[in-house]
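Engineer: sequence plus predicted model, see below.
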Amino acid sequence: MASGKEISGESTPPVSGSIRAMGSIRALDPGLHIAATPIGNAGDVTLRLLAALEGADIVLCEDTRETSKLLAIHGISARLESYHEHNAERMRPRILAKLEDGAAILLVSDAGTPLVSDPGYKLVRDVIAAGHAVTALPGPSSVLAALCVAGLPTDRFFFQGFLPVKAGARGKTIAELAPVPATLVILETAKRLDVTLAALAEGLGDREAAVTRELTKRFEEARRGSLVALAAHYAAEGPPRGEIVVVVAPPGEVETDDTTLDTALRAAMQTQSASRAAAQVAKELDLPRKRAYARALELAAEDGTS
């Protein structure tokens, strides 16, 4: 899965020569091999991937132009064929036939780990059903890279991928995510980032979050803050460069202090009853409604508005 398809080879000498020096270049075993590729920095390539690229009979990739860039950086020649969502139905029988003939086939994505927001699982399913071996060559993943730098809990996380584009469907999906007791990992394009952050704040409450971009590249950035603050920042600054991974804290992970709660309640109670103000603030701050309502009654009594 990509977190920016531009592969940078700056200060990254080819390493395939070192593999040859170790005598590790050999034909891959027959079967389907699933290989992760760098998500932005060509230096993140593994020796095992380079050997597999040279040893495979066929390398399946989303876009042969993108994979060719990585091969050129490392001085590798390979037989490339396209495999993507638009030709998958037609290609799968051909791939299975080649596996029947004993071929070693390598599946890569444009960047990152295949099958993570990329086509591929149906191919894996059919290859397994046909009795052929499936092997994973692990490596870079923008999902895990974003989790590492976000500063949010990593013991349990839920990968959402891209949210729906249409507002109604997006709101419904966010509502389904709201009770998930885990850190959320969401992919987004730069041009929709501010709208998505605002929708997340409305549907999840103002949780802590991190917006990561250009992961593993020279201008890598992780901007951390509340969803409301992040939405305001990108609405004012405009779309950032690169593809985006948003990481959002689990429900109830960040404790809201009394001052923040009081300020929000007093503002809401200027135009609403204590009950309605408490319901609104509880949703905005991702708090139990009971806590917000109890404090709203206390503030109303203190201010003489009850």
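Structural biologist: Received the coordinates, thanks. This structure is a prediction, so every number in the text was calculated from the model and none was measured.
Engineer: now do the spatially closest residue to Ala277 that is not a sequence neighbour, the pLDDT please.
Structural biologist: Nearest residue to Ala277, sequence neighbours excluded (CB to CB, 6 or more residues apart in numbering): Ala268, at 3.6 Å. Bear in mind the C-beta positions are built from the backbone N, C-alpha and C, glycine included. Ala268 carries a pLDDT value of 91.
Engineer: ok, Ala274 touching Arg295?
Structural biologist: No - under the criterion of CB atoms under 8 Å, Ala274 is not in contact with Arg295, lying 9.4 Å apart.
Engineer: show me the strands in the chain, by range?
Structural biologist: Taking DSSP state E to define them, one finds strands in the chain at 31-35, 58-61, 80-82, 104-107, 134-137, 157-162, 183-188, 208-213, 221-226, 244-248.
Engineer: which other residues reach the second one?
Structural biologist: Strand 58-61 has contacts (CB atoms under 8 Å, 6 or more residues apart in numbering) with 53, 67, 78-83, 91, 95, 98, 103, 105-110.
Engineer: I'd assumed Gly225 was in contact with Glu208.
Structural biologist: Yes - contact criterion CB under 8 Å: Glu208 and Gly225 qualify, at 7.3 Å.
Engineer: show me the shaky parts of the stretch 151-300 of the chain.
Structural biologist: Residue ranges of the stretch 151-300 of the chain with pLDDT under 70: 253-257.
Engineer: hmm, back to that, switch the strands of the chain over to JSON lines; also include mean neighbour count and distance to Thr46.
Structural biologist: Formatted as JSON lines, the strands of the chain follow (neighbours: other CB atoms under 10 Å; distance: least, CB to CB, whole Å):
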{"stretch": "strand 31-35", "mean neighbour count": "22", "distance to Thr46": "9"}
{"stretch": "strand 58-61", "mean neighbour count": "24", "distance to Thr46": "15"}
{"stretch": "strand 80-82", "mean neighbour count": "17", "distance to Thr46": "19"}
{"stretch": "strand 104-107", "mean neighbour count": "24", "distance to Thr46": "13"}
{"stretch": "strand 134-137", "mean neighbour count": "16", "distance to Thr46": "7"}
{"stretch": "strand 157-162", "mean neighbour count": "16", "distance to Thr46": "22"}
{"stretch": "strand 183-188", "mean neighbour count": "23", "distance to Thr46": "23"}
{"stretch": "strand 208-213", "mean neighbour count": "24", "distance to Thr46": "22"}
{"stretch": "strand 221-226", "mean neighbour count": "16", "distance to Thr46": "24"}
{"stretch": "strand 244-248", "mean neighbour count": "27", "distance to Thr46": "21"}
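Engineer: right, and these - which one's nearest Leu115?
Structural biologist: Closest of the strands of the chain to Leu115 is strand 31-35, at 6.8 Å (criterion: CB to CB).
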